[in-house]
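Enquirer: structure for this input, please:
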Amino acid sequence: MKNDEIKQANRKALPKFLFFVVGSALVGGVIGYFSADTESESLVAMIKNAGAFFGVRIAPWLMLALAILVPVICLPLYRSAKKLAAVWDDEDEDFYNTIDQKLSVVVWLAGAALILAVFLITATYSVGMEGIDNANGFVFFFINIAAFFAIMVEATVFQQKCVDTTKQLNPEKKASVYDMQFQKKWMADCDEAEKIIIGKCAFKAYSATNIVCAVCAVVLAVCALTFNIGFLPSLIVCLIWMVNLSVYCCEALRCSKAGNKIS
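Expert: Purely as a prediction, here's the structure:
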């Protein structure tokens, strides 16, 4: 790309970028000004009480419902994929893609359920044992703990079963889901087409994580000013953001160096 074309592309994109930056700064400034100028103790107390009620009374039942829903939804999908895998002729690509999609959905749902379970148990922990005691919520607390461990087992078993089925369809794949280096070994067993798909998915995930982290960082900055939540939540988000960016850039540099050596 020539210098004139580069400058022209920058001039074309710059107004929209400046509009976005200035607009975001104005919105953030207005929210911050009025938030700092307004008494927020009642709002903070209301949010705290709502959080305590959610953590003690609602989160355990959501956790229990999740523990029931995971096998109810995932088991039929897995069994359907397993039956299709048993009759696959090792040639029909569309048939294989159907099996792979079903297994992928099971892995996705099981992983998402585990993440949601971690959030729900954290919501309960955030109340503290004193808050649970004051609310007479020990029964709910133990329901939450039991359901959480059930979801952990379910998610692990479903992911293991899906990986095992995929290994049956692809004998070249040897890694066990319980191996501490599972992802590295699984990647090594993938062919070029699979690695390209993984690369595209990884870039989408990287881009989405950057956007989410940026939005969360702005929201938490405003909340730090308004609700006095401190800097720890922002630190966690920025740490994830930094790791995401640094790993991507380091891998890009490493792959670029390896490519130059090969050429």
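Enquirer: going forward, measure contacts between C-alpha atoms and count neighbours the same way
Expert: Will do.
Enquirer: the helices in the stretch 51-200 of the chain, which residues?
Expert: Under the criterion DSSP state H, counting those that start in this stretch, helices of the stretch 51-200 of the chain are mapped to 59-86, 93-125, 128-134, 138-169, 182-189, 192-227.
Enquirer: pick out the shakiest of those, pLDDT-wise.
Expert: Comparing mean pLDDT across the helices of the stretch 51-200 of the chain, the weakest is helix 128-134, with a mean of 69.
Enquirer: coming back round to it: among the helices of the stretch 51-200 of the chain, which is nearest Phe19?
Expert: The closest of the helices of the stretch 51-200 of the chain to Phe19 is helix 192-227. By Cα to Cα, the value is 17.0 Å.
Enquirer: so what secondary structure elements neighbour that closest one?
Expert: Applying 3 or more Cα pairs under 8 Å, 6 or more residues apart in numbering; DSSP states H and E, we find helix 192-227 packed against helix 3-37, helix 232-262.
Enquirer: going by mean pLDDT, which of the ones you listed comes out lowest?
Expert: Mean pLDDT per stretch puts helix 3-37 lowest among the helices and strands packed on helix 192-227, at a mean of 64.
Enquirer: Met63: neighbouring residues, count only.
Expert: For Met63, the neighbour count with other Cα atoms under 10 Å is 26.
Enquirer: tell me who's in contact with it.
Expert: Met63 is in contact with Ala117, Leu120, Asn144, Ala147, Phe148, counting by Cα atoms under 8 Å, 6 or more residues apart in numbering.
Enquirer: now the nearest residue to the third one once chain neighbours are set aside: how far from Leu225?
Expert: Sequence neighbours aside, Pro60 is the residue nearest to Asn144 in space, at 4.3 Å (criterion: Cα to Cα, 6 or more residues apart in numbering). When Cα to Cα, to the nearest Å is the yardstick, Pro60 and Leu225 sit 32 Å from each other.
Enquirer: ok, the two, which is more surrounded?
Expert: Neighbour totals were compared for Pro60 and Leu225, and Pro60 leads with 28 against 16 (other Cα under 10 Å).
Enquirer: quick one: the more buried one and Ala123, what's the gap?
Expert: 10 Å.
Enquirer: what's the answer for Ile58, then?
Expert: To Ala123, Ile58 is 10 Å away according to Cα to Cα.
Enquirer: quick check: the residue nearest to Asn144 touching Phe141?
Expert: Yes: between Pro60 and Phe141 a contact is recorded at 6.7 Å, counting by Cα atoms under 8 Å.
Enquirer: what touches both of these two?
Expert: Common neighbours of Pro60 and Phe141 (criterion: Cα under 8 Å, 6+ apart): Thr124.
Enquirer: tell me, how many residues neighbour Phe140?
Expert: Using other Cα under 10 Å, Phe140 has 19 other residues around it.
Enquirer: is it in contact with Leu64, as I believe?
Expert: No: Phe140 is beyond contact range of Leu64, at 10.0 Å (criterion: Cα under 8 Å).
Enquirer: next, give me the two most distant ones among the contacts of Met63.
Expert: Greatest spatial distance in these: Leu120 and Ala147, 10.5 Å, computed using Cα to Cα.
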